[in-house]
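Visitor: What follows is a predicted structure for the sequence shown.
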Amino acid sequence: MGRDPIHGCRGYLPKVTNARLPIQSKPEIESVLAKLEPEDRQVVEGALAHAEKTEAQLRYIADHDSLTGLLDRRRFRSELDQYVSFTARYGGQGAVMIIDIDGLKAINDSLGHHAGDQLIRRVAGIMRERVRTTDIVARLSGDEFAVLMPQTDTAGALQLGEDLRLQVAESAALSEAESATISVGITMFGGERDVGAESVLVAADQAMYRAKEEGRNQIALFQDPEEPQRQQRRRQTTSARIRDALTQDRLSLHTQPIHNLASGGIERYELLLRMTDEDGELLPAASFIEAAERSGMVQELDRWVVVRALELLATREREGAPVSLHVNLSGASVADISVLEFIERRLDEGTADPSRCTFELTETGHVHDYEAATGFADRLTEFGCQVAIDDYGAGFGPFHYLKRIPFDLIKIDGSFIRDMPNSDADQLTVQAIVQIARGLGKTTIAEYVQDDLTTQMLREYGVDMAQGYHLGRPVDVAEAL
């Protein structure tokens, strides 16, 4: 490919510089270090220096498949999500290709897993050699690969698919009696505002299975003539449902407890938005928040949550049972000065204690304007609120946040927690994040804790707080508080 595929489509996305300066020359860090005692300053500088030295290694471990060195499914999905969003906003098109090795299980059974691993590496090598430097290649699972082709047309995508098919068939022979082939599925996308990364992957996957059904060693292009009409109906329906929920009082809040790992007690709660549809079904925010972002209604939803959160804080304080709450804010709200002014007015006019309100800003790439996010966090902090960096590590752009955005808490992304007991890479990443947070005097929270073993490991690593279904499922705010 000529370069690391992680950076494959950066020519089509907003560029973020990776240049680093010595710690002492960073004014954002220096202003913090200057307030510390010499011993504390030495600890913080040491932690930051160590973190910067290991960042590239951690990024590689977290984002790459160990057998082939290609990107893994999680990182590919992140890159695809960014590019799909880019084309929806700015235009352009792209293609996704799903490639499956035909009969890999039979090869493993007849020739052994060593032969299967050799074949997987050989196919990965061919893909690296044949794709463009702007393409992004990943291994999604045991026998399945994916390619994201930014700024290509149908002819170009089909040509690459045929090139890869021929190269694998010609050069990946395992023995005189057996050779390897691949089935290829391709889907095109671009400009559709309500098409997400998941639907693109599903379409490419469906095309790949059609290629297998047609005899394997084939290429199939996803075609769905009714999709444009379905997309239009879906966009209109979802937007209308959100508007109706806002005007008909069909929004509600659930809470999930956040436990102190040292004491075991509940220290605070995260507020989670829910919507009741026309049939009475309770929908989580994940099912409608993307539509709200695309339709420009997400700021209104965030305002709704802020009002209820501050009212709840004030009520609990009057009753002599104060509580601390976390409120999630979308990237669109963080970039919207009117939302910040709305929050400030509500804090001014109400009686809620700002120190008990924590606003969570995501780190997964939805907040692209760091300058706006920094100003947003600064003004919230001036009011006495706390700021948490949510999904920390998911986009692995953490130093942009640590160096530029004032914060009080780090919420470690759940992707590093779910399978942590079985993943050395996840364990290493979590320990590194804890070390950085400790050096900066910040609090850490782990998300998606699912069992006792994970809880114990987090406690041993020095994580301060945790949440997840194992510790407490989300329940209606009236039931919990």
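Guide: Nice, thanks for sending it over. None of these values were measured; they are calculated from a predicted model. Residues are numbered from 1 along each chain as shown.
Visitor: C-alpha from now on. contacts and neighbour counts both.
Guide: Fine.
Visitor: and the helix or strand hosting residue 256, what does it pack onto?
Guide: In the assignment (DSSP states H and E), residue 256 maps to strand 251-260. If contacts are counted by 3 or more Cα pairs under 8 Å, 6 or more residues apart in numbering; DSSP states H and E, strand 251-260 sits against strand 266-276, strand 465-466, strand 475-476, helix 477-480.
Visitor: by contact count, what packs against the first one?
Guide: Same thing as strand 266-276. So strand 266-276, by 3+ Cα pairs under 8 Å, 6+ apart, packs with strand 251-260, strand 282-284, strand 325-329.
Visitor: next one: that strand to chain centre, how far?
Guide: Relative to the chain's own centre, strand 266-276 is displaced by 20 Å; criterion: Cα atoms, centre = their mean, to the nearest Å.
Visitor: Let me see the mean pLDDT of that strand.
Guide: Strand 266-276 comes out with an average pLDDT of 95.
Visitor: Give the residue spans of the stretch 351-481 of the chain that score low on pLDDT.
Guide: 363-370, 394-401 (pLDDT under 70).
Visitor: Could I get the full set of helices for it?
Guide: 370-382, 398-404, 424-440, 452-461, 477-480 (DSSP state H, counting those that start in this stretch).
Visitor: what's near enough to touch residue 460?
Guide: Neighbour list for residue 460: empty [criterion: Cα atoms under 8 Å, 6 or more residues apart in numbering].
Visitor: can you rerun that using 10 Å?
Guide: 261-262, 431, 454 (Cα atoms under 10 Å, 6 or more residues apart in numbering).
Visitor: and if you look at residue 220?
Guide: Contacts for residue 220 (Cα under 10 Å, 6+ apart) come out as 97, 158, 161, 183-187, 204, 206-212, 214.
Visitor: now do residue 124
Guide: Residue 124 touches 67-70, 118, 137-139, 145, 168, counting by Cα under 10 Å, 6+ apart.
Visitor: buried set for stretch 333-347?
Guide: 333-335, 339-340, 343, 346-347 (16 or more other Cα atoms under 10 Å).
Visitor: Go through these and name the one with the lowest pLDDT.
Guide: Scoring those by pLDDT puts residue 335 last, at 86.
Visitor: Hmm, that residue is touching residue 371, no?
Guide: Yes - Residue 335 lies in contact with residue 371 (Cα atoms under 10 Å); the separation is 9.1 Å.
Visitor: quick revisit: deepest in the core, which of the helices of the stretch 351-481 of the chain is it.
Guide: helix 424-440 (a mean of 19; mean count of other Cα atoms under 10 Å).
Visitor: Can you show me the CA trace of it as CSV?
Guide: Extracted in CSV, the C-alpha atoms of helix 424-440 (Å, rounded to 0.1, in the frame of the first residue of the first chain):
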residue,chain,number,x,y,z
ASP,A,424,-3.5,-8.5,26.8
ALA,A,425,-3.8,-5.5,24.5
ASP,A,426,-6.9,-4.3,26.3
GLN,A,427,-5.2,-4.8,29.7
LEU,A,428,-2.2,-2.8,28.5
THR,A,429,-4.3,0.0,27.1
VAL,A,430,-6.4,0.3,30.3
GLN,A,431,-3.3,0.4,32.5
ALA,A,432,-1.7,3.1,30.3
ILE,A,433,-4.8,5.2,30.5
VAL,A,434,-4.9,4.9,34.3
GLN,A,435,-1.3,5.9,34.5
ILE,A,436,-1.9,9.0,32.4
ALA,A,437,-4.9,10.0,34.4
ARG,A,438,-3.1,9.6,37.7
GLY,A,439,-0.2,11.7,36.5
LEU,A,440,-2.7,14.5,35.6
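Visitor: re earlier: take the helices of the stretch 351-481 of the chain and write them to JSON lines, including distance to residue 280.
Guide: Output for those, formatted as JSON lines (distance: least, Cα to Cα, whole Å):
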{"stretch": "helix 370-382", "distance to residue 280": "36"}
{"stretch": "helix 398-404", "distance to residue 280": "40"}
{"stretch": "helix 424-440", "distance to residue 280": "39"}
{"stretch": "helix 452-461", "distance to residue 280": "35"}
{"stretch": "helix 477-480", "distance to residue 280": "18"}
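Visitor: From residue 388, how far off is residue 270?
Guide: Going from residue 270 to residue 388 by Cα to Cα, to the nearest Å gives 11 Å.
Visitor: Compare these two and say which one has the larger neighbour count.
Guide: Neighbour count, other Cα atoms under 10 Å: between residue 270 and residue 388, residue 388 has more, with 27 against 21.
Visitor: Enumerate every residue touching that one.
Guide: Residue 388 neighbours (Cα under 10 Å, 6+ apart): 326-328, 358-363, 377, 405-411, 442-445.
Visitor: how far is stretch 199-210 from where the chain is centred?
Guide: So, by Cα atoms, centre = their mean, the centroid of stretch 199-210 is 22 Å from its chain's centroid.
Visitor: Go through that stretch and flag the buried ones.
Guide: By neighbour count on 16+ other Cα under 10 Å, the buried set for stretch 199-210 is 200-201, 203-210.
Visitor: just to revisit the earlier point, just the ones of the contacts of residue 220 in helices?
Guide: Mapping the contacts of residue 220 onto helices (DSSP state H) picks out 158, 161, 204, 206-212.
Visitor: Break this structure down into its structural domains.
Guide: 73-224, 232-480 (automatic domain parsing).
Visitor: closest to residue 52 out of these?
Guide: domain 232-480 (8.6 Å; Cα to Cα).
Visitor: if we can go back for a sec, in a markdown table, list the buried residues of stretch 333-347 along with distance to residue 89 and secondary structure.
Guide: Listed next are the buried residues of stretch 333-347 as a markdown table, based on distance: Cα to Cα, whole Å; DSSP: H, G, I helix; E, B strand; the rest coil:
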| residue | distance to residue 89 | secondary structure |
| --- | --- | --- |
| 333 | 17 | helix |
| 334 | 18 | helix |
| 335 | 16 | coil |
| 339 | 22 | helix |
| 340 | 24 | helix |
| 343 | 28 | helix |
| 346 | 32 | helix |
| 347 | 34 | helix |
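Visitor: picking up where we left off before, mind picking the two most distant members of the contacts of residue 460?
Guide: 262 and 431 (16.9 Å).
Visitor: The residue nearest to residue 332 when sequence neighbours are not counted sits in which helix or strand?
Guide: Spatial nearest neighbour of residue 332, chain neighbours left out: residue 299 (6.8 Å); criterion: Cα to Cα, 6 or more residues apart in numbering. Secondary-structure element containing residue 299, defined by DSSP H and E: helix 298-318.
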